[in-house]
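Undergrad: quick one, what's the 3D model for this:
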Amino acid sequence: MNNIQPLAERLRPQTLNDYIGQTHLVGPGAVLRRMIESGRINSFILWGPPGVGKTTLARIIANTAEVRFFTLSAVSSGVKEVREVIEQCRAESRSMFGKGRPILFIDEIHRFSKSQQDSLLGAVEDGTVTLIGATTENPSFEVIRPLLSRAQVYTLRPLEADELQTLLDRAMQNDSILQSMDTHIEETTALFRYSGGDARKLLNILDLLYQSTPAGEPLTINDRTVTESLQLNPQAYDKNGEMHYDIISAFIKSIRGSDPDAAIYWLARMIAGGEDPEFIARRLVIVAAEDIGLANPNALLLANATFDTISKIGMPEGRIPLAECTIYLATSEKSNSAYMAINNALQEVERSGNLPVPLHIRNAPTSLMKKLGYGKNYKYAHDYPGNFVRQQFMPDNLVNARFWQPCSNAQEDKLNRRQWERWHGPDKTE
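TA: Residues are numbered from 1 along each chain as shown. Predicted structure coming up:
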């Protein structure tokens, strides 16, 4: 039994038609499907949690693209290995038998140091290689800016319940080992909950259930058998594994839910497990902006100060500012209005495209631009009472659009009243 390939590997999709989830990227007409089917692959980075199909997508490209496909793991490769692979890619590009630009897939690219990422930059920039990276960490923090500017980032999402159900059905229909057993699926609530949108985790749980079922007995899948099997095989905290994502998720949700005791507990779990304190501090910065935001702008200042402090003092003393910031954020007023505002605006940009900037607020550094009307009739706010004057700043097609919807809290109530008075109260400039 120990020599049997894991279920997740046995069921790994080989084509896009077998791929489950990420329809926003690989569904009919979606950007990655068009790219893969055309064979014209541009450099990109896949960002998402574990078990959502990043490596599988890269392997599907390897199976379909008629070019050489090289792989590196950031865990085991250094600058030397990167340069050697790039030289192979360069030789392939120059070869008269080469069919196109080679693809270099780098798993866990966030683990590459700055020098390792720098060693990739030239080859990506001059077209020697097409880079595909996979990361579970925010590329904005973990990938150098010059590399990010040359590679589109695509975000992968946890699988939804219906997608997990499709995966479960496929496992039962297509896997010979599971088919050989007398299998009864009675409930899936616990199975899907413990999977947490992670396809690999779901298949690993099925593996665990299969391995713990005595020979000759039926394999029964229900909430009780799933929970008992996982309790008998507890996962220790692994800062590089799946539990890492479960606990940071619990930490963030506890802060968002204003439970300082739960937040401190999950913080303690991470610290005891040896988690990178800067990883925790970065999450505090994100929470301060996303979940507290304008309800308490000081939260972002404190979170940034915590990140700076951690980088200066390290551990174990760093646990104290981490705890201070965690409790402050958990007990603070909450607002996601800034988070929702930028999401709403991005949706509008995607819908309406590049609408022209109104002439009166365009920059006019040359005489020609001034003759064309750039900047004409612009009203300088500081020349008016209260440093405010009503004028149009939106594109003509979006004059009445509203993206920021203030939440109900003291700070945003004040901001909302002031904005209403500016734009809808008596005009003080008349």
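
Undergrad: and the nearest residue to Trp404 once chain neighbours are set aside, which of the three is it?
TA: Computed as C-beta to C-beta, 6 or more residues apart in numbering, the closest residue to Trp404 that is not its neighbour in sequence is Ala341, at 4.1 Å. Glycine gets a C-beta too; all of them are placed from N, C-alpha and C. Assigned with DSSP: H, G, I helix; E, B strand; the rest coil, Ala341 falls in the helix class.

Undergrad: for the nearest residue to Pro218 once chain neighbours are set aside, grab phi and psi.
TA: Excluding the flanking residues, the one nearest Pro218 by C-beta to C-beta, 6+ apart is Asp182, at 4.0 Å. In terms of degrees, to the nearest 10, the main-chain angles of Asp182 are phi -80, psi 90.

Undergrad: do the same with Gln152
TA: Main-chain dihedrals, Gln152, degrees, to the nearest 10: phi -70, psi 140.

Undergrad: kindly state the pLDDT recorded for the residue nearest to Trp404?
TA: In this model, Ala341 is scored at 90, pLDDT.

Undergrad: returning to what we had before: could you check how far the residue nearest to Pro218 is from Ser212?
TA: Separation of Asp182 from Ser212 (C-beta to C-beta, to the nearest Å): 15 Å.

Undergrad: if you count surrounding residues, which of those two has more?
TA: Per other C-beta atoms under 10 Å, whichever of Asp182 and Ser212 has more neighbours is Ser212, with 13 against 10.

Undergrad: the nearest residue to Thr213 once chain neighbours are set aside pairs with what?
TA: Closest residue to Thr213 apart from its sequence neighbours, by C-beta to C-beta, 6+ apart: Leu219 at 4.9 Å. Bridge pairing for Leu219 (DSSP bridges) gives the partners Thr183.

Undergrad: which residue ranges of the stretch 201-350 of the chain form strands?
TA: Remark: strands assigned in the stretch 201-350 of the chain by DSSP state E, counting those that start in this stretch are 219-221.

Undergrad: low-confidence ranges, it, go.
TA: Within the stretch 201-350 of the chain, the segments meeting pLDDT under 70 span 231-244.

Undergrad: how close does Asp427 sit to Asn204?
TA: Asp427 is 65 Å from Asn204, by C-beta to C-beta.

Undergrad: sec struct for Val67, please.
TA: The three-state label given to Val67 by three-state DSSP is coil.

Undergrad: over to the one 4 residues further on?
TA: Using three-state DSSP, the secondary structure recorded for Thr71 is strand.

Undergrad: hmm, back to that, what's around the residue nearest to Trp404, how many residues?
TA: For Ala341, the neighbour count with other C-beta under 10 Å is 17.

Undergrad: next up, the contacts around it.
TA: Taking C-beta atoms under 8 Å, 6 or more residues apart in numbering as the criterion, Ala341 is in contact with 403-405.

Undergrad: what distance do you get for the nearest residue to Leu156 once chain neighbours are set aside to Ser176?
TA: Once flanking residues are discounted, Leu156 sits nearest to Gly48: 3.0 Å by C-beta to C-beta, 6+ apart. Separation of Gly48 from Ser176 (C-beta to C-beta): 30 Å.

Undergrad: same check on Tyr378?
TA: Where Ser176 is concerned, Tyr378 sits at a distance of 72 Å (C-beta to C-beta).

Undergrad: check contacts around Asn344.
TA: Phe403.

Undergrad: just to revisit the earlier point, compare Asp427 and Asn204 and say which is more crowded by neighbours.
TA: Asn204 (18 against 10).

Undergrad: checking the nearest residue to that one once chain neighbours are set aside next. Helix, strand or coil?
TA: The spatially closest residue to Asn204, leaving aside those adjacent along the chain, is Ala8, at 6.4 Å (C-beta to C-beta, 6+ apart). Following three-state DSSP, Ala8 is assigned to helix.
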